[in-house]
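> Pasting the sequence and the predicted coordinates here, then a few questions.
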Amino acid sequence: MNITIRSAIAALTLCVCGCEAEDKKDPKAVSNEPVGKVEDLSKLSKEELAKRLDKEAYYVCIMGGTERPFQNKYWNNHEAGIYVDVISGKPLFASTHKFESGSGWPSFFTPLDKDEIKEERDTTHGMVRTEVVAKTSGAHLGHVFDDGPKPTGLRYCINSAALKFIPKSKLKEAGFEKYESMVAEEK
């Protein structure tokens, strides 16, 4: 699918299910955030999650929403590291598998842990798509399409609000040192 079509789809998606981004932090300042151990919130009720997650993360993960393209935290992040589920803290994607799709959302050609990803049929908004859901937390992450690069040909188009980025330099501190050798240096 060419960039023009992707941009049109992104614009349509924005009209149908966009929300105002609450977190306006500079996406280039991602590694300056404190990391520490990632907390598992997957056992909390929806009411408790509403108190613990920011407004946009709740909208995306729990209500199945979509954030604005090109105005989200990680769409243009090129730092080496891994992306974990904002609710469970489980590793989902690696910067090594991230690519520029032109869609305005972070895109990956494969998950870091395939067992932590569920795919479900999604017929909302008059389209037939494959929704990507985090297995442990049940969080809506985004969608997967068959127009990605080799070797998989897949494009996991994921909402930044559903993710927390752990920079390579902080993987050990966060308890993810086993991924250090798998993550390429900054692109």
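Yep, that arrived.

> How about the secondary structure of E119?
Under DSSP: H, G, I helix; E, B strand; the rest coil, E119 falls in the strand class.

> what residues are up against it?
T130, E131, V132, V133, V144 (Cβ atoms under 8 Å, 6 or more residues apart in numbering). Glycine gets a C-beta too; all of them are placed from N, C-alpha and C.

> swap in D115?
Counting by Cβ under 8 Å, 6+ apart, D115 has contacts K135.

> Relative to T136, how far out is R52?
Separation of R52 from T136 (Cβ to Cβ, to the nearest Å): 16 Å.

> ok, now Y179?
Following Cβ to Cβ, the distance that separates Y179 from T136 is 17 Å.

> got it, and L171?
For L171, the distance to T136 - Cβ to Cβ - is 19 Å.

> So which of these two has more stuff around it?
Between L171 and T136, counted using other Cβ atoms under 10 Å, the more crowded position is L171 (21 against 17).

> thought that one was touching V183?
Yes - between L171 and V183 there is a contact under Cβ atoms under 8 Å: 7.3 Å.

> Now do the shared contacts for those two.
G81, I82.

> After the lowest-mean-pLDDT helix or strand in the chain, which helix or strand is next? Please name it.
Lowest on mean pLDDT, DSSP states H and E among the helices and strands of the chain sits helix 3-17, with a mean of 45. Once helix 3-17 ends, the next helix or strand along the chain (criterion: DSSP states H and E) is helix 46-52.

> what comes into contact with that following helix?
With Cβ under 8 Å, 6+ apart as the criterion, helix 46-52 contacts L41, L44, Y58, C61, I62, I87.
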